[in-house]
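Peer 1: Provide a 3D model corresponding to the input given below.
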Amino acid sequence: MLTFRKGLTKEQHEEKSRAILARLYEEPRFQQAKTIFAYASMPDEVQLYDLLAHALILASEVDFVVVPGAAFSPEGDRLGLGGGYYDRYLAEKAPQAYRTALTFDGQVVPSVPMEAHDARVNLILTETRRIEPNK
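Peer 2: Residues are numbered from 1 along each chain as shown. Take a look at the predicted model:
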């Protein structure tokens with residue numbers, strides 16, 4: 001999955017990132033969120049600079065979280081990047097938060113390995129798809 005991201009040209013990466021963020025901005029849950037928690041994107045991830053410009057927040061107020069990952073399944077399973085940070089944060093600080101993955105089409109796969117502590121996502125947005133697990 002990481003090879004897919006690294007294989008995108010700069011132009012493809014920028015175009016796909018813009019398309020994914022445009023889809024996010026249309027989401028009712030995003031529009032209704034009082035606070036948003038997101039990650040500082042790595043160079044080969046969906047770029048979130050515009051999103052991060054919206055606000056800095058207190059953890060206790062988080063109701064919408066944008067989570068990173070290497071791969072996602074249509075069922076909402078998430079393969080993280082190996083540190084477990086988001087799984088711990090979501091469980092301890094924001095269990096109520098609506099979790100959204102912004103990812104490229106090529107990172108949505110039929111299944112990913114999950115463990116009991118792994119946090120699933122409520123919504124997956126790609127440059128061409130909206131996937132809402134369990135609906």
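
Peer 1: got the contact list for stretch 121-135?
Peer 2: Stretch 121-135 has contacts (C-beta atoms under 8 Å, 6 or more residues apart in numbering) with 15-16, 19-20, 23-24, 27, 29, 67, 69, 72, 74-76, 78, 98-105, 107-108, 120. To be clear about C-beta, it is placed using only N, CA and C from the backbone, and glycine gets the same treatment.

Peer 1: if we use 7 Å, what do you get?
Peer 2: With C-beta atoms under 7 Å, 6 or more residues apart in numbering as the test, stretch 121-135 has contacts from 16, 19-20, 23-24, 67, 72, 74-76, 78, 98-105, 108.

Peer 1: with stretch 35-53 instead?
Peer 2: When contacts are defined by C-beta under 7 Å, 6+ apart, stretch 35-53 is touched by residues 5-6, 17, 20-21, 54-55, 57, 61-66, 68, 94, 97, 102-104.

Peer 1: stretch 12-32 now?
Peer 2: For stretch 12-32, contacts defined as C-beta under 7 Å, 6+ apart pick out 46-47, 50-51, 64, 98, 100, 102, 104, 125-127, 130.

Peer 1: if you set the cut-off to 8 Å instead, what comes out?
Peer 2: For stretch 12-32, contacts defined as C-beta under 8 Å, 6+ apart pick out 5, 8, 36, 44, 46-48, 50-51, 64, 66, 98, 100, 102-104, 122-123, 125-128, 130.

Peer 1: okay, and which of the residues you listed map to helices?
Peer 2: Arg5, Asp50, Leu51 (DSSP state H).

Peer 1: let me have the residues you listed in JSON lines, extended by pLDDT, neighbour count and distance to Val112.
Peer 2: JSON lines is the format used below for the ones in helices among the contacts of stretch 12-32 (pLDDT from 0 to 100; neighbours: other C-beta atoms under 10 Å; distance: C-beta to C-beta, whole Å):
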{"residue": "Arg5", "pLDDT": "77", "neighbour count": "19", "distance to Val112": "15"}
{"residue": "Asp50", "pLDDT": "70", "neighbour count": "12", "distance to Val112": "28"}
{"residue": "Leu51", "pLDDT": "70", "neighbour count": "19", "distance to Val112": "24"}
